[in-house]
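**Q** Take a look and give me a structure for this.
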Amino acid sequence: MRTDTPWSALPARDHLLAGVADAAGAPVLDVVVPVYNEEKDLEPCVLRLHDHLARTFPYAFRITVADNASTDRTPEVARRLARTLPGVRSYRLEEKGRGRALRTVWSHSDAPVLAYMDVDLSTDLNALLPLVAPLISGHSDLAIGSRLARSSRVVRGTKREFISRAYNIILRSSLAARFSDAQCGFKAIRRDVAQRLLPMVEDTGWFFDTELLVLAERAGLRIHEVPVDWVDDPDSTVHIVRTATEDLKGVWRVGRALAVGALPLDRLARPFGDDPRDRGIGGVPRGLARQLVGFCVVGALSTLLYLALYSLFRLGVGPQLANGCALLVSAVVNTSANRRLTFGVRGRGGAVRHQAQGLVVFAIGLALTSGSLAALGAASGSPSHGTELAVLIAANLAATVLRFLLFRAWVFPDRDRGGDAVAVGDRGGDADGPVHAPPPRPSAEQADDTRAEPADDTHHELRNAR
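**A** Numbers count the residues shown, from 1 in each chain. You can find the predicted model right below:
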C-alpha cells in the first residue's frame with residue numbers, strides 16, 4: 001500500500017545501550033501509570049514502584065503519573081510525588097481515557113523504551129525487567145504481560161476469568177490474533193515503533209491496548225510475552241459491561257479496516273535482521289510456499305463459486321453465456337482475494353490496474369474453458385450436465401496453473417526477484433514497488449517534528465490533550 005510517510009519502513013532494531021550516550025541523559029525506561037481518581041492508591045503505588053526500580057533496574061528510569069481528568073485529590077498527590085521523588089513527574093490531561101493518557105505521554109517521552117502498568121500493581125513487579133529486556137536488546141518491538149500463559153499464576157474471580165478468556169477467543173476468531181492477553185495492564189514498546197504506531201490507533205479508552213497489539217502483529221512486528229503473577233484488585237472501578245461493549249465495537253472497527261486494507265501497515269515493516277547479510281541472500285524465492293498455499297485456498301473457493309454460478313446461470317441461458325458470466329464474476333473475486341491474501345497487497349493503490357490485468361488472465365481462462373466446451377459439443381452433440389462440469393473442472397485446473405504463473409510474474413510481481421539477492425521474510429511494504437534495505441534514520445530535525453520534548457523534567461500539565 002502506498003502511503004505518504006517520511007520513511008518507507010522501520011530501520012533494523014539496535015541494542016539501545018549503544019545510543020544512550022547520545023540521548024543527553026535521557027532515561028532508558030519511562031514507566032507510565034495512568035490514573036483517574038486514585039488519591040488513595042497512587043502514593044503507595046509510586047513509592048513501591050520507585051523503590052523496586054531503584055533497587056533492581058540497572059538503567060536510568062523515569063516514572064510518569066498520567067492523571068486523566070481526575071476530580072479528587074489525585075493531581076495534588078501526583079505533584080507532591082514529582083517534587084519529592086527523583087525521576088518522577090506528572091502529566092495532567094483534561095479528558096478521560098487510558099488510551100488517551102498513554103498516547104499523550106508516550107508521544108512526548110524521550111526514553112527509548114516506554115512502558116505502562118495499572119496503579120493497583122496487580123502484576124508482580126519482578127516481571128518488569130523481563131518485560132523490557134527484549135526491547136532494550138533489540139530483539140522485540142513490543143512486550144506484554146500475559147495472565148493466560150501456562151506458567152502464569154493468577155488469583156481472580158470466576159467472572160473476570162471467564163470474560164478475559166472469552167475476549168481472547170473473540171480476538172483469535174475475528175482478528176486472527178496470536179497474542180494471549182490483550183488487556184493485562186503491563187506492557188512496553190520501543191519509542192521508534194510507538195512513533196509510527198500510535199497515530200494509527202484510534203481508540204482512547206480500554207480498547208487502546210488491543211488495537212495497538214493487533215496492528216503491530218498484522219504489520220509483522222515482534223511481540224514478546226512474559227508470564228506474570230497477577231492478583232485481582234477487588235476494588236477495581238472498571239465497568240465491565242460498558243468496557244466489553246466498547247471492546248466489541250473496537251473489534252468490529254479494526255476488523256473492517258483490516259479487511260479493506262485501510263491501514264498503512266507498510267510504515268511498520270521491519271527488515272529481516274540487523275545484519276545486512278541477512279537481508280540479501282541469493283537464490284531464495286520470496287514467499288513461494290506461502291503464496292502457493294494461499295493461491296490454492298483462494299483457487300479452491302473460487303472454483304466452488306464458479307461452479308455454483310455456472311449451475312445457476314445455466315438454468316436460464318446457454319452453456320457459453322453461463323460459462324462467461326460465471327467466470328467473469330469469479331475472476332473479479334479471485335483477483336481481489338489473491339491480491340490481499342496471497343500476495344499481501346494492502347490498500348486501494350493499484351487495485352484498478354490489478355483488476356484490469358486480472359481480466360486479461362480471465363480472458364485466457366475463458367478461452368481455455370470455452371474452447372473445451374466447444375470441443376465437447378462438437379464431439380458429442382448434446383453432452384449431459386455432469387459431463388460439462390467434468391470438462392470444465394479439467395480446463396479450470398489447467399487455467400489455474402497458468403493463472404498463478406501470470407499473477408506471480410506479471411500482475412503482482414516482486415521486482416526484487418530480478419536481482420542477484422532476494423530479501424528474506426514476508427513482504428510488508430507496497431506490492432507495487434520493491435522492498436529495499438531499511439532507509440536511513442530520520443534526521444534530528446525530522447525527529448523533533450514527530451515529538452515535542454517537555455520543558456520541565458519534574459512536572460507537566462497538558463490541557464485539552466487528545
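**Q** where's residue 375 relative to residue 146, distance?
**A** Here residue 375 is placed at a distance of 61 Å from residue 146 (CB to CB, to the nearest Å). Bear in mind the C-beta positions are built from the backbone N, C-alpha and C, glycine included.
**Q** Give me the below-cutoff pLDDT ranges for the stretch 251-400 of the chain.
**A** By pLDDT under 70, the low-scoring segments of the stretch 251-400 of the chain are 271-287, 346-347.
**Q** hang on, the earlier thing: more neighbours, residue 375 and residue 146?
**A** residue 146 (22 against 12; other CB atoms under 10 Å).
**Q** now that one, nearest residue through space, not along the chain?
**A** residue 181 (4.1 Å; CB to CB, 6 or more residues apart in numbering).
**Q** ok, how many other residues are close to the one you found?
**A** 25.
**Q** Would you agree it falls within a strand?
**A** No: per DSSP: H, G, I helix; E, B strand; the rest coil, residue 181 lies outside any strand segment and is coil.
**Q** Hmm, residue 145 and it touching each other?
**A** Yes: between residue 181 and residue 145 a contact is recorded at 7.2 Å, counting by CB atoms under 8 Å.
**Q** Next, show the common contact partners of the two.
**A** Residues touching both residue 181 and residue 145 (CB atoms under 8 Å, 6 or more residues apart in numbering) are residue 225.
**Q** Need the outlier residue of the protein, farthest from its centre.
**A** When distances are taken from the C-alpha mean of the chain, residue 381 lies farthest, 56.6 Å away, according to CA atoms, centre = their mean.
**Q** Now that residue. Its backbone dihedrals?
**A** Dihedral pair for residue 381: phi 80, psi -80, per degrees, to the nearest 10.
**Q** Same question for the one 3 residues further on.
**A** Dihedral angles of residue 384 (phi, psi; degrees, to the nearest 10) stand at phi -70, psi 160.
**Q** go on, residue 178?
**A** The phi/psi pair for residue 178 (degrees, to the nearest 10) is phi -110, psi -10.
**Q** what does stretch 224-231 contact?
**A** So stretch 224-231 is contacted by 122-124, 126-127, 130-131, 134-135, 139-140, 142-147, 149-156, 179-181, 184, 186 (CB under 8 Å, 6+ apart).
**Q** make it 7 Å
**A** Applying CB atoms under 7 Å, 6 or more residues apart in numbering, the contact partners of stretch 224-231 are 122-124, 127, 130-131, 134, 140, 143-147, 149, 151-155, 179-180, 184, 186.
**Q** For it, C-alpha coordinates in CSV please.
**A** What follows is stretch 224-231, C-alpha atoms only, in CSV (Å, rounded to 0.1, in the frame of the first residue of the first chain):
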residue,chain,number,x,y,z
HIS,A,224,7.3,-10.7,23.4
GLU,A,225,5.1,-12.2,26.0
VAL,A,226,6.0,-12.5,29.7
PRO,A,227,4.1,-14.9,32.0
VAL,A,228,3.1,-12.9,35.1
ASP,A,229,1.9,-13.5,38.6
TRP,A,230,-1.2,-11.4,39.0
VAL,A,231,-3.7,-10.8,41.8
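**Q** tell me which residues in it are buried?
**A** Within stretch 224-231, the residues that qualify as buried by neighbour count (16 or more other CB atoms under 10 Å) are 224-230.
**Q** The spatially closest residue to residue 109 that is not a sequence neighbour and residue 117: what is the separation?
**A** Excluding its sequence neighbours, the residue lying closest to residue 109 (CB to CB, 6+ apart) is residue 30, at 4.6 Å. Between residue 30 and residue 117 the distance is 12 Å, computed by CB to CB.
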